[in-house]
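# with the sequence up front, the predicted model follows.
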Amino acid sequence: MKTRVWFLMCVLIASVVDARYIPIKHERDFSEEINRFEFAVVCFLDASSLGKKDQMKELKKMVAATSDTQPYDKLLKHEVGFLVVDAAKDSVRPLLKKYGVAWNSMPQFLLFHNGKAVSNISEQIVRLIGFVCKADLLDFIDDYFGKAFDDILSVKAEQKQDEKEMQIARYQAYAASRYPYGMYAPYNAYGQYSWYGYRAFYENGGYWGNTFYIP
C-alpha cells in the first residue's frame, strides 16, 4: 500500500514539474525561478479575492493547461517556465511594487526574458490584464516571443537531424561486417526496438545476411 501511494505521489510531482507550472509564494522563490528559464510567463493574481475564488481556480488551471501545450510541454520545456504569483502573500508584496502591479488590475500577465520584464518600444512593461482565455494568453506570448521560439525550434530540428544522420552512419559502418545489435533493432520496418529489425537485416532469419533496414 505504501509503495503504491509513494508511486502515485511521484507521478503527480513529476507531472507538475514536467508541465513547468510553478506556484510562487515568496520573493526569493520568484527570483530563483525567473532566472532558471530563459523565457517566463508570469501571472499575478489575488487568490484571496472575495467572490472570485472560483475564477482564480479556473485561471490557474488555464495557465497550467497552457504550459502543457505544444511546443511548451516538450520541445521548449527547458526554455519556458510558467509562474503564478499569489499576491495575497505578504512575502511577494515587493514584487508588486517592483513591477507596477496594481491591486485593481489583477490578474495580469507579464513576460520575462533572461530574468527581466519585457517592455515595448515605449519602455513600458507589456501586460495582459484580466481573466483571459487560453487563446488570448497564447497570442500574447507569440506576439513577443514567437520569433525567438521559431529560431530555437529550428536549431533543435537541425540538431536532431544531424544526430540521426550520425547514428545511421554508425549503423551502416557496423553493418558492413555483421548485425551488431542482437535481435532488437534500433531501426526497423515496423518501428523501433523489436525482433522485426533482426528479420530486416537477415531476410531468411539466419546469422549472416545482406540486408540492413535504414528508415
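Sure, I can see it. Residues are numbered from 1 along each chain as shown.
# hey, let's count contacts and neighbours off CA atoms from now on
Will do.
# distance of the residue lying closest to R20 once chain neighbours are set aside from S122?
Closest residue to R20 apart from its sequence neighbours, by Cα to Cα, 6 or more residues apart in numbering: G81 at 5.5 Å. From G81 over to S122 the distance is 26 Å, taken as Cα to Cα, to the nearest Å.
# which of those two has more neighbours?
G81 (24 against 7; other Cα atoms under 10 Å).
# so that one touches N35, yeah?
No - contact criterion Cα atoms under 8 Å: G81 and N35 do not qualify, at 9.8 Å.
# show me this protein divided up by domain.
In terms of domains, the chain is parsed into 2-156, 177-215 (source: automatic domain parsing).
# least confident of the ones you listed, on average?
For those, mean pLDDT drops lowest on domain 177-215, to a mean of 47.
# the host helix or strand of M56: which residues count as buried?
Here M56, judged by DSSP states H and E, is contained in helix 53-67. For helix 53-67, the neighbour count (16 or more other Cα atoms under 10 Å) marks M56, L59, K60, M62, V63, A64, T66, S67 as buried.
# list the contacts for the fourth one?
The one in question is M62. Counting by Cα atoms under 8 Å, 6 or more residues apart in numbering, M62 touches C133, K134.
# go again using 10 Å as the cut-off
For M62, the contacting residues are M56, D68, F131, V132, C133, K134, A135, L137, by Cα atoms under 10 Å, 6 or more residues apart in numbering.
# state the distance from I129 to D151.
Counting by Cα to Cα, the gap from I129 to D151 is 28 Å.
# have a look at the two and say which one is more surrounded.
Comparing I129 with D151 by other Cα under 10 Å, the one with more neighbours is I129, at 14 against 11.
# my read: that one touches S105, true?
Yes - judged on Cα atoms under 10 Å, I129 makes contact with S105 at a distance of 6.6 Å.
# tell me how many other residues surround F112.
Using other Cα under 10 Å: F112 sits among 22 other residues.
# please enumerate the helices of the protein.
Listed in chain order, the helices of the chain (DSSP state H) span residues 2-19, 27-34, 53-67, 93-98, 134-175, 195-201.
# give the contact list for V132.
V132 makes contacts with L59, M62, P107, Q108, F109, as judged by Cα under 10 Å, 6+ apart.
# once you drop chain neighbours, what's closest to the fourth one?
Sequence neighbours aside, I129 is the residue nearest to Q108 in space, at 4.2 Å (criterion: Cα to Cα, 6+ apart).
# what's the closest of the contacts of M62 to D46?
D46 lies nearest to M56 out of these, by Cα to Cα, at 7.8 Å.
# what's across from the residue nearest to R20 in the sheet?
Taking DSSP bridges as the rule, G81 bridges to A40.
# what about it, distance to A65?
Taking Cα to Cα, one finds G81 at 13 Å from A65.
# then D29?
Applying Cα to Cα, the value for D29 to A65 is 22 Å.
# list buried residues within the contacts of M62.
Listed as buried from the contacts of M62 are M56, D68, F131, K134, L137; burial here means 16+ other Cα under 10 Å.
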